[in-house]
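Undergrad: 3D model of this:
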Amino acid sequence: MPQRRRALITGSTAGIGLSIAERLASDGFDVVLNHARDGDRANRALARIRDVCPAAELVRADVTDEDDVARLFDEARAAGPIDVLVNNVGAFLSRPFLETMLRDWRAVIDSNLISAVLCSREALPAMRNRGGLIVNVASLHADAIRATPNTLPYGIAKSGIVGLTKTLAKTEGRFGIRVNAVCPGFVNTEDAHNPPDVTNRIPLGRLAEPSEIASVVAFLASADAAYVSGAVINVHGGALL
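TA: Presented below is the predicted three-dimensional model:
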């Protein structure tokens with residue numbers, strides 16, 4: 001019997017990350033959830049995933065910390081190699097530029113960009129031996145240089161994610177590794193920071209559901225996307241066009 005494929009999703013005990021984990025579990029992956037702080041919420045998420053995937057695991061680790069990332073992958077790989085890494089975690093901050101302190105910059109850049117760098121660096125050596133997929137979660141239009149008032153650290157970090165995605169797609173493709181980015185728009189999650197009138201800026205007239213972001217990740221993890229690498233896929237209902 002062939003071994004089930006395994007997926008590790010960072011920041012996956014709520015919102016988009018949890019939805020991605022649920023979808024990949026329903027598609028036949030054994031999933032590894034990751035969280036850094038909220039134990040009760042994480043345990044509830046694990047119980048929910050185990051209804052679909054009894055082999056699901058949960059690893060607490062701060063993915064902005066180099067040692068914690070190494071431990072995360074050691075624990076995640078104990079039951080088998082990681083075929084898919086989804087770099088999903090990322091803190092948001094809305095604050096005027098002159099009020100954004102150095103600690104704020106470091107927290108947002110580390111959470112969104114450095115976490116993806118560290119996790120990708122940890123995943124790639126093993127993937128080079130057997131192929132694999134990395135999906136980086138960026139943000140709408142992160143592939144375009146545009147003004148981002150009050151959210152500059154976040155915008156810079158997510159643009160960096162696009163650069164990381166394209167570079168790794170180019171360097172790692174010869175090992176059978178695909179690297180892509182998914183760029184959600186305004187999503188209906190409990191911790192979302194959506195402006196009150198945001199649907200007026202979305203041609204489809206509504207927020208995205210987390211499952212709609214997860215479905216794009218699931219496509220990239222499927223055989224139908226075997227030739228898709230270096231792609232930056234906006235999933236935003238036409239927002240900000």
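Undergrad: helix, strand, or coil at L46?
TA: Classification of L46 using DSSP: H, G, I helix; E, B strand; the rest coil returns helix.
Undergrad: show the model's pLDDT score for it.
TA: At L46, the pLDDT value in this model is 97.
Undergrad: pretty sure it is touching C53, no?
TA: No. L46 is beyond contact range of C53, at 10.0 Å (criterion: Cβ atoms under 8 Å). Quick note: C-beta positions are derived from backbone N, CA and C, even for glycine.
Undergrad: tell me how many other residues crowd the nearest residue to E66 once chain neighbours are set aside.
TA: Counting by Cβ to Cβ, 6 or more residues apart in numbering, the nearest residue to E66 once its immediate chain neighbours are dropped is L118, at 6.0 Å. L118: 23 surrounding residues under other Cβ atoms under 10 Å.
Undergrad: pLDDT at L118, what is it?
TA: 98.
Undergrad: that one: which element?
TA: Using DSSP states H and E, L118 maps to helix 115-127.
Undergrad: and P153, helix, strand or coil?
TA: Here P153 is helix, with the state taken from three-state DSSP.
Undergrad: identify the residues contacting it.
TA: Neighbouring residues of P153 by Cβ atoms under 8 Å, 6 or more residues apart in numbering: 93, 100, 104-105, 108-109.
Undergrad: how far away is it from V108?
TA: Relative to V108, P153 is positioned 4 Å away (Cβ to Cβ, to the nearest Å).
Undergrad: any common contacting residues for these two?
TA: Counting by Cβ under 8 Å, 6+ apart, the shared contacts of P153 and V108 are L93.
Undergrad: which strands and helices lie in contact with the lowest-mean-pLDDT helix or strand in the chain?
TA: Ranked by mean pLDDT, DSSP states H and E, the weakest helix or strand in the chain is helix 39-50, scoring a mean of 94. Counting contacts by 3 or more Cβ pairs under 8 Å, 6 or more residues apart in numbering; DSSP states H and E, helix 39-50 is packed against helix 15-26, strand 30-35, strand 57-60.
Undergrad: do that again at 6 Å, thanks
TA: When contacts are defined as 3 or more Cβ pairs under 6 Å, 6 or more residues apart in numbering; DSSP states H and E, helix 39-50 sits against helix 15-26.
Undergrad: contacts for the helix it packs on?
TA: For helix 15-26, contacts defined as Cβ atoms under 6 Å, 6 or more residues apart in numbering pick out 7, 9, 11-12, 31, 33, 45, 49, 52-53, 86, 88, 189, 210-211, 213-214, 217-218.
Undergrad: pairing partners for the host helix or strand of N180, with directions?
TA: Per DSSP H and E, N180 falls inside strand 177-184. Using DSSP bridges, strand 177-184 pairs in its sheet with strand 132-137 (parallel), strand 232-235 (parallel).
Undergrad: closest one of the contacts of P153 to G237?
TA: L93 (23.6 Å; Cβ to Cβ).
Undergrad: mind checking the SS state of that closest one?
TA: Following three-state DSSP, L93 is assigned to coil.
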